[in-house]
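Trainee: using only what follows, build the 3D model:
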Amino acid sequence: MTSSAKKGTLPVQTLRALAEKDVLRAPGGLEEKQLQPSSLDLRLGEKAYRIRSSFLPQKRRVHDMLAELMMYEVDLVENGILEKKNVYLIPLKEELHLPEDINGKTNPKSTTGRLDIFTRVITDGGYRFDEIQRGYSGKLYLEVFPRSFTVRVKSGQSLNQLRLFRDREVIPDEQLLQLYQTYTLLYDDEHGPVPGPKAIIQDGLHMRVDLVGRNSGGIIGYKAKKNSSIIDLSRIGAYAASDYWEPIYAPKERFLILEPEEFYIFASRERVRVPVDYAAEMVEFDAGSGELRTHYAGFFDSGFGYGRGEVQGTHSVLEVRPHDVPFRIEDGQVFFKIRYERMAELPLLSYGKEIGSHYYSQGLALSKHFVNDLC
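Mentor: Predicted coordinates for the structure are as follows:
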């Protein structure tokens, strides 16, 4: 690393510069719409491969293992139907040729999570999903597992995002408390600041689930229906929510019992803010068991719920799936936490309406493909 290189999460202008140097490489170059304030949307290639199982290559190349596991090809240019409950591997358009001082991490996009599409990136020689090692040079492959809905995808669409780091600087709790006092990171539903002493900061900023539906007409969540029709990811606002989702209304007792292996959408009680000179990632709240998954999509770009300082927070949407046993949840229960990280430089873009962000002012919200006729 050169002495002039700044540490932290790399902003949009640095991602642009890396593309110009072929560190980020793709046929025809990157498209401007791929670039977010602190992340890059990755695009599907032209083929998907139905495979027998998930895998990690460890010391092997992904292509070599694909030959052992592949069942058939799917042409994503002509008819990219991915059946639910099947595992697919899709080579992405982008390749990485990282210098030794840069590493990365990937996460599903918000829309991907809300459609219950489980995705994770695999790299040659990779020992972990979604982790890009320092100095990695090679192709990127996306494992895709649609869980609730059969979907139609096309080459060039984006299901996941990449974030790059030069010595990632996750903010420790004592500094996060100072950050909270400076910016006020949480607001309530009346747009009032949540006082610092009421914020739970322990290995990140904890957030809670809303089971009251204070601003959603008493609807506090949605449960995915079984046996729904195909969802074409290119069709925005084309589907009636009632054909795919069941509304969940606020319970009198302020608790719910979730059914195993069903998929739910809920919202956070608080509104969260990410100042422009920071980025954040939603991570699991460790309850000491693997019985409840509370999100699929984890990146919060710089300016989420903040804009340029004028926005008083945005709700987080939670993609929830209980495992193995029924699971009881209460209004205000801690569901997840957010870890903040320092940007290497102030991004030239901020998350929000100005760059066409779909969820910049969201409450409880389904993906952009649905017209909500359940309210």
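Trainee: so which strand or helix has the closest residue to residue 243 other than its chain neighbours?
Mentor: With sequence-adjacent residues excluded and distances taken as CB to CB, 6 or more residues apart in numbering, residue 243 is closest to residue 228, at 6.3 Å. For the C-beta atoms, the positions are set from N, CA and C on the backbone; glycine is no exception. For residue 228, there is no host helix or strand (DSSP states H and E).
Trainee: use 550 as the first number from now on
Mentor: All set: I'll call the first residue 550, so the last point we hit is now residue 777.
Trainee: ok, residue 777 - how many residues close by?
Mentor: By the criterion of other CB atoms under 10 Å, residue 777 has 15 neighbours.
Trainee: cool, and residue 671?
Mentor: Counted with other CB under 10 Å, residue 671 comes out at 22.
Trainee: my guess is it meets residue 692, correct?
Mentor: Yes: counting by CB atoms under 8 Å, residue 692 is a contact partner of residue 671 at 5.9 Å.
Trainee: quick check: neighbours shared by those two?
Mentor: Common neighbours of residue 671 and residue 692 (criterion: CB atoms under 8 Å, 6 or more residues apart in numbering): 638, 678.
Trainee: thinking again about what came up before, you'd agree the residue nearest to residue 792 is up against residue 791?
Mentor: No: with contact defined as CB under 8 Å, residue 777 does not reach residue 791; the gap is 10.6 Å.
Trainee: list phi and psi for residue 565.
Mentor: phi -60, psi -50 (degrees, to the nearest 10).
Trainee: does it touch residue 584 like I think?
Mentor: Yes: applying CB under 8 Å, one finds residue 565 in contact with residue 584, separated by 6.6 Å.
Trainee: more neighbours: those two, which one.
Mentor: Higher neighbour count among residue 565 and residue 584: residue 584, with 21 against 15, using other CB under 10 Å.
Trainee: partner strands of the worst-scoring helix or strand of the chain on mean pLDDT, with direction?
Mentor: In the chain, the helix or strand scored least confidently by mean pLDDT, DSSP states H and E is strand 841-842, which has a mean of 72. The sheet places strand 841-842 alongside strand 863-871 (antiparallel), with pairing taken from DSSP bridges.
Trainee: just give me how far whatever helix or strand comes next after the partner strand sits from the chain centre.
Mentor: Next along the chain after strand 863-871, taking DSSP H and E as the criterion, comes strand 876-879. Put simply, strand 876-879 sits 23 Å off its chain's centre (CA atoms, centre = their mean, to the nearest Å).
Trainee: so which elements touch strand 876-879?
Mentor: The contact analysis (3 or more CB pairs under 8 Å, 6 or more residues apart in numbering; DSSP states H and E) places strand 876-879 against strand 804-807.
Trainee: let's test this: mean pLDDT of the helix or strand that the strand it packs on is followed by, rounded?
Mentor: Sequence order places strand 813-821 as the next helix or strand after strand 804-807, per DSSP H and E. What strand 813-821 shows for mean pLDDT is 94.
Trainee: name the nearest residue to residue 749, ignoring sequence neighbours.
Mentor: In space, residue 749 comes closest to residue 755 once its chain neighbours are excluded; the distance is 3.8 Å by CB to CB, 6+ apart.
Trainee: wait, a strand at the one you found?
Mentor: Yes: assessed by DSSP: H, G, I helix; E, B strand; the rest coil, residue 755 belongs to a strand.
Trainee: so who does it touch?
Mentor: So residue 755 contacts 748-749, 834, 883, 885-886 (CB under 8 Å, 6+ apart).
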